[in-house]
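> how does the following fold in three dimensions:
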Amino acid sequence: MPRGKSYRRSQAARKREAERHREVVSPKSDPRHPVAGGGTGWRHRVRAWPTSVHTGRQHKLVIPAEVPGKRFVLLVGASHLRSFADGIVAMPKDLYSFGVMSTPGGCADQLRTEVEHAVLPRTPDAVCVLAPSNNLTASINPERAGEAFGRYLASVCSAWPTAQVFAVDLVPRLTVPEDIQEFFRQEFHRVAARLGVKYYHHGDRFPLADRWLWCRDGLHLSDDMGTPLLMESLLAATTQHLETATPEVPCQVSPTPRRRRPARVVVVGEVRAPRPPPSEWTCVAPGRKANGAPLVLRECFIPLNPVWFSPGVLAAMETPVPSPVDVVSTGSKRLPVEHRREAVSPKRKRPRKEVCNVLIQMETVEQVEQRRHPCLRRPVVFGLRQIVLRLSLRLSLLPLRLSLLPLRLSLLPLRLSLLPLRLSLLPLRLSLLPLRLSLLPLRLSLLPLRLPLLPLRLSLLPLRLSLLPLGLSLLPLRLQATYLV
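Below is the predicted model:
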C-alpha cells in the first residue's frame, strides 16, 4: 500500500530534527584531526603528581599562607596551571594571594567533580575559573560543551557561595582550527552570561602566528613566553573584577508621601441651558431642514483662576493673548487689560524721501553707537556737500600736478643712471653698518653735551643761510683745485 502525504511530512520533520542536532563541526575542520605544525617555545619537564581517587587524573591543590590585608584568589583549571602549581612561573604577590587547583587533562565534568570534593582550609574571596580547553576534543559539539561548562560553573558557585566567581577565556591551541575555537568560546560566554558569571576574553593576547608562545605539542603554553602572558591576563581579569565590583547598596525605605488635597477648580460663567428631553429632539436628514427653534451660539469663556496663576503671570499672559474682558481679576486687585492695536501702514512716499529717511536713520544709529562706546568715535562724513568740497579741492590741484609731470619725467633718466651707483655702494654701506652700531653708544653719551649747544646753532642758522650763495659760487674753484691736486 503506498504511503500517504502525512508519512512524507513526518519523514521530513525527522530529517530536519536530525540536521539540527548534527555536529556543528564540519568534517574538514574536525578537532580530532590536528593542524600541521607546532610551537617553538620551551616548557619544563612534567613532574609526577598524586592521582585523584575521584577522577583518576593527576591533581594538585596549592593554598598559600594567609596574609592579612590581601584577598585570597583561587585559580581553577587544567594543565595550563601546572607551571603555577610547580612554581616555574610565579604569580605576583603584591596585590593578591593566589591559590591553584590544577587537574591536567580534565574536562568540564571532571573539573566539576574535583571542585565538589575539594576541601580548603579557608574560603577564598574570589574564584577564577579557566574555561576548559580540553572540551575542544572531549565534547561532540559546542552545545554539549556549553552544557558541561554550565554544570561546572554552577558547582563552583554552590561550593563557595560567598566568593566572587568569574571565568576567563579558554587558552587557544595550535592543533584546532581558529573558527572551531571561536564557536566554543562564544558558547562558553553565552552560558556564563546566563548564569550571571562575568566572562573575560583574552584570545587576542595569543595570536596563532606567534609559534613561540606554545611548546612543541601545540597544546600547552611555553614557560618562557606563553605562560607569562597567561599570568598577566589572569592578573588583569582579577584586578578588573575585584576593583570594579558593584558594592551592595542597602535598601532605603522611602518616606511616606504627604497626602495632598486635590485642587478645587471653580468655574464662573453663564449657566448653560438644560438639555431638552428626548421628546423634543429634532431629526435632521440629508436634504431636509430642521424643524424647531433656531440654534443660538453663546459666547462662553472660563476666566483664569488666581489660585493657579500669580498676578504677574496673568498680566504677562494678557499681553500676547488679550482676554475678551476689559479687566482681569488677580485676587487682590483688578488689572486693566491693554489691547494691542495693529499699526496702520503709512502711505508710500516718494523714493527720494525714502532715501533721505534711510540716511538719517543710519546716521542716528551711528551716533547712538558712538555715544554708547566713546572708543568707537571716528569722523564720519555724510551728505553731498562734503563730497563736493573734497572733489573740488582735488580738481584744483590737478593743474599743478600736470605741470610738474614733465619735470618728473625729465629727472627719470638721471635717477635710472644713478641706480647702478647706489647698488654698488650698497655693500659698502652694509660693511659700515657694524661700525655705525658700535659708535651709537658714543653718540648717545655725547647727546647731553650737544643739547646745550642747540640754541647756539639755531642762532647761527641765519648766518649760514646768508653765506650759502657765496659757497655755491666758490664751488667750481674748489672742484678745479681738487682736480689739479
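
> following whichever helix or strand A192 is part of, which helix or strand shows up next?
For A192, the host element (DSSP states H and E) is helix 178-195. Counting by DSSP H and E, the next helix or strand C-terminal to helix 178-195 is strand 198-200.

> next helix or strand past that following strand?
Remark: after strand 198-200, the chain's next helix or strand is helix 226-243, criterion DSSP H and E.

> so which bits of the helix holding A192 are buried?
Neighbour counts over helix 178-195 (16 or more other CB atoms under 10 Å) mark I180, Q181, F183, F184, R185, E187, F188, H189, V191, A192 as buried. In short, each C-beta sits where N, CA and C put it, glycine included.

> that one - contacts with which helices or strands?
Helix 178-195 sits against helix 135-138, helix 142-159, strand 198-200, with contacts defined as 3 or more CB pairs under 8 Å, 6 or more residues apart in numbering; DSSP states H and E.

> list the buried ones in the longest one?
For helix 142-159, burial by neighbour count (16+ other CB under 10 Å) applies to 142, 144-146, 148-150, 152-153, 155-157, 159.

> would you turn those residues into TSV with pLDDT and distance to V89?
Listed next are the buried residues of helix 142-159 as TSV, based on pLDDT from 0 to 100; distance: CB to CB, whole Å:
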residue	pLDDT	distance to V89
P142	88	30
R144	90	32
A145	90	27
G146	91	30
A148	92	28
F149	93	26
G150	94	30
Y152	94	25
L153	94	26
S155	94	27
V156	94	24
C157	94	28
A159	92	26
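
> which two of those have the greatest separation?
Greatest spatial distance in the buried residues of helix 142-159: P142 and A159, 25.4 Å, computed using CB to CB.

> now do the helices in this structure.
Applying DSSP state H to the chain gives helices spanning 5-20, 82-86, 108-116, 135-138, 142-159, 178-195, 226-243, 311-318, 351-372, 384-466, 468-473, 475-484.

> got the contact list for the helix holding A192?
The contact list for helix 178-195 (CB atoms under 8 Å, 6 or more residues apart in numbering) reads 24-25, 29, 31, 131, 135-136, 142-143, 145-147, 149-150, 153-154, 157, 167, 169-170, 172-173, 198-199, 201, 203, 208.

> that one to helix 142-159, inter-axis angle?
Calculated by axes from the mean of the first three to the mean of the last three CA atoms, to 10 degrees, helix 178-195 forms an angle of 40 degrees with helix 142-159.

> quick one: helix 178-195 to helix 108-116, angle?
Between helix 178-195 and helix 108-116, the angle formed by their directions is 40 degrees, by the same axes, to 10 degrees.

> and the helices of the chain, which one averages the lowest pLDDT?
Among the helices of the chain, helix 351-372 has the lowest mean pLDDT, at a mean of 50.

> from L430, how far off is S424?
Remark: distance between S424 and L430 (CB to CB, to the nearest Å) = 12 Å.

> for the helices and strands packed on helix 178-195, give me JSON lines that also has distance to L314.
Output for the helices and strands packed on helix 178-195, formatted as JSON lines (distance: least, CB to CB, whole Å):
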{"stretch": "helix 135-138", "distance to L314": "77"}
{"stretch": "helix 142-159", "distance to L314": "66"}
{"stretch": "strand 198-200", "distance to L314": "60"}
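
> figure out which of these is closest to W212.
helix 135-138 (21.7 Å).

> which neighbouring elements make contact with that closest one?
Contacts defined by 3+ CB pairs under 8 Å, 6+ apart place helix 135-138 against helix 142-159, helix 178-195.

> now that helix - C-alpha only, PDB.
Coordinates of each C-alpha in helix 135-138 appear next as PDB, following Å, rounded to 0.1, in the frame of the first residue of the first chain:
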ATOM      1  CA  ASN A 135      36.400  20.100  25.800                       C
ATOM      2  CA  LEU A 136      37.500  21.000  22.300                       C
ATOM      3  CA  THR A 137      38.200  17.300  21.800                       C
ATOM      4  CA  ALA A 138      36.200  15.800  24.600                       C
END
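
> residues making contact with it?
Residues external to helix 135-138 that are found in contact with it (CB under 8 Å, 6+ apart): 31-32, 107-108, 145, 148-149, 170, 173, 176, 180-181, 184.

> which two among the residues you listed are spaced furthest apart?
Maximum pairwise distance in these, criterion CB to CB, is 19.7 Å, between R32 and F149.

> returning to that earlier point: of the buried residues of helix 142-159, closest to L477?
Checking the buried residues of helix 142-159 against L477 by CB to CB gives P142 as the nearest, at 121.5 Å.

> so who does that closest one touch?
Residues near P142 by CB under 8 Å, 6+ apart: V24, F183, F184, Q186, E187.

> spatially nearest residue to it, not counting backbone neighbours?
Leaving aside its chain neighbours, P142 sits nearest to E187 (4.1 Å; criterion: CB to CB, 6 or more residues apart in numbering).

> same question, P64
The shortest distance from P64 to any non-neighbouring residue, by CB to CB, 6+ apart, is to S97 (5.0 Å).

> and the one you found, how many neighbours?
By the criterion of other CB atoms under 10 Å, S97 has 19 neighbours.

> surely A167 and G196 touch.
No - with contacts counted by CB atoms under 8 Å, A167 stays clear of G196, the gap being 11.2 Å.

> who's more crowded, those two?
Shown here are A167 and G196; by other CB under 10 Å, A167 has more neighbours (26 against 9).

> show me what contacts that one?
Contacts of A167 (CB under 8 Å, 6+ apart): C128, V129, L130, A131, L153, F188, A192, V197, K198, Y199, Y200.

> distance to A78 added to these, as JSON lines?
Output for the contacts of A167, formatted as JSON lines (distance: CB to CB, whole Å):
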{"residue": "C128", "distance to A78": "13"}
{"residue": "V129", "distance to A78": "11"}
{"residue": "L130", "distance to A78": "7"}
{"residue": "A131", "distance to A78": "10"}
{"residue": "L153", "distance to A78": "15"}
{"residue": "F188", "distance to A78": "14"}
{"residue": "A192", "distance to A78": "17"}
{"residue": "V197", "distance to A78": "18"}
{"residue": "K198", "distance to A78": "20"}
{"residue": "Y199", "distance to A78": "17"}
{"residue": "Y200", "distance to A78": "17"}
